[in-house]
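K.L.:
quick one, structure for this:
(one chain, ligands or ions: 2)
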Amino acid sequence: MELRVLGCSGGEAGGERLTGLLVNGTVAIDAGSLTQALSVTEQVGIRHIFLTHSHLDHICSLPFYTKNVFGHTEAPVAIRALPETLDVLRRHLFNDELWPDFSVIPSRDNPIICYSEIGPEKAYEVEGLRITPIAVNHLVPCVGYLVEDDHSAFIFTSDTAETDRIYEVANATPNLRLFITEVSFPNRQKKLAEASRHLTADKLKGELGKLNPGVPVAIYHLTPGDKPTILPELEALGDPRIRLLHQDERIQL
Ligand SMILES: [Zn+2]
Ligand SMILES: [Zn+2]
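P.N.:
Ligands and ions are numbered 1, 2, ... in the order given. The predicted structure follows:
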């Protein structure tokens, strides 16, 4: 399985913390930066977009993506997400006011995108992958994903505060090669992290105590302006499993 990081603030370049992963060139998880990170040909290659939640940094390239692939796809691209997330897209984004409704353009029978509801802990088999949403703890309904093929697996928690279930799933996955989770704020902004349901380095320490040893951990979603504070706080945890997830990184699992 090839995992490509499409944009996060873990790298040097990040001016924003836009989120997106591409698996084997055909399945995207989140759509914060599809159009910035990928050529149009690569964008056309995406057949499924699994969203974790409705926050802008995870969906904001979707409108431009629909325009870029218009006329280049033979079948609709499936936008797969929780019903609550799809509802936000329908009401607030593809509503003909903020952006045209590409779920009925160019026609209701063969639109550019089609919405497909997902539910926690149901496995979806697409493009040779098995993708299972796991509910996490964020300000809006949000899922992380367990992504597996016949050889390996990774987990992406998406944005979350303290949570348990996804660690239970991780520990029950024998071929788990990577656990991607977030740290958003410096330790001194603990209250902000709690109010917005994110993690600090201190909180990450407690979370990683739930994860089987030996699984590499990659961190994303650092607030760019706070990186100089967060990085030493992560370093101070002294946990050899932890590294940053880098923008444009390609990972073979
Ligand atoms: Zn969020
Ligand atoms: Zn986010």
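K.L.:
now the helix ranked longest in the chain: mean pLDDT?
P.N.:
The helix that spans the most residues within the chain, counting by DSSP state H, is helix 227-236. Averaged across helix 227-236, the pLDDT comes to 96.
K.L.:
residues of the stretch 51-200 of the chain that sit close to ligand 2?
P.N.:
57, 159 (CB under 5 Å from the ion). Every residue, glycine included, has its C-beta placed from N, CA and C.
K.L.:
indicate the residue of the stretch 151-253 of the chain located nearest to ligand 1.
P.N.:
Closest approach between the stretch 151-253 of the chain and ligand 1, counting by CB to the ion: Asp159, at 3.6 Å.
K.L.:
number of nearby residues for Val136?
P.N.:
Val136 has 26 neighbouring residues, counting by other CB atoms under 10 Å.
K.L.:
for Tyr65, same thing?
P.N.:
26.
K.L.:
pretty sure it sits against Gln43.
P.N.:
Yes - contact criterion CB atoms under 8 Å: Tyr65 and Gln43 qualify, at 6.0 Å.
K.L.:
joint contacts of those two?
P.N.:
Common neighbours of Tyr65 and Gln43 (criterion: CB atoms under 8 Å, 6 or more residues apart in numbering): 34-35.
K.L.:
next one, pLDDT for the closest residue to Asn171 other than its chain neighbours please.
P.N.:
If the residues on either side of it in the chain are set aside, Asn171 comes closest to Asn212, at 4.8 Å by CB to CB, 6 or more residues apart in numbering. Looking at Asn212, its pLDDT reads 96.
K.L.:
against His151, how distant is the residue nearest to Leu98 when sequence neighbours are not counted?
P.N.:
Leaving out its chain neighbours, the residue that sits closest to Leu98 by CB to CB, 6+ apart is His92, at 6.7 Å. Using CB to CB, to the nearest Å, His92 is found at 39 Å from His151.
K.L.:
between these two, which one's more packed in?
P.N.:
More crowded of His92 and His151, by other CB under 10 Å: His92, with 12 against 9.
K.L.:
what's the residue of the stretch 151-253 of the chain closest to ligand 1 in contact with, if anything?
P.N.:
Counting by CB under 8 Å, 6+ apart, Asp159 has contacts 52-53, 55, 58, 136, 138, 142, 182, 184, 197-198, 221.
K.L.:
export the residues you listed to a markdown table and tack on pLDDT and secondary structure?
P.N.:
Output for those, formatted as a markdown table (pLDDT from 0 to 100; DSSP: H, G, I helix; E, B strand; the rest coil):
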| residue | pLDDT | secondary structure |
| --- | --- | --- |
| Thr52 | 98 | coil |
| His53 | 98 | coil |
| His55 | 97 | coil |
| His58 | 96 | helix |
| Val136 | 98 | coil |
| His138 | 98 | coil |
| Cys142 | 98 | coil |
| Glu182 | 97 | strand |
| Ser184 | 96 | coil |
| Arg197 | 98 | coil |
| His198 | 98 | coil |
| His221 | 94 | coil |
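K.L.:
neighbour-wise, which of those leads?
P.N.:
With neighbours defined as other CB under 10 Å, the most crowded of these is Thr52; it has 28 neighbours.
K.L.:
which positions in the protein make contact with ligand 1?
P.N.:
Counting by CB under 5 Å from the ion, the chain sits next to ligand 1 at 55, 159.
K.L.:
on that earlier part again, would you confirm that the residue nearest to Leu98 contacts Leu86?
P.N.:
No - counting by CB under 8 Å, Leu86 is not a contact partner of His92; they are 11.2 Å apart.
K.L.:
ok, which stretches of the stretch 1-150 of the chain are strands?
P.N.:
2-7, 20-23, 27-29, 48-50, 77-81, 113-117, 124-126, 129-135, 143-148 (DSSP state E, counting those that start in this stretch).
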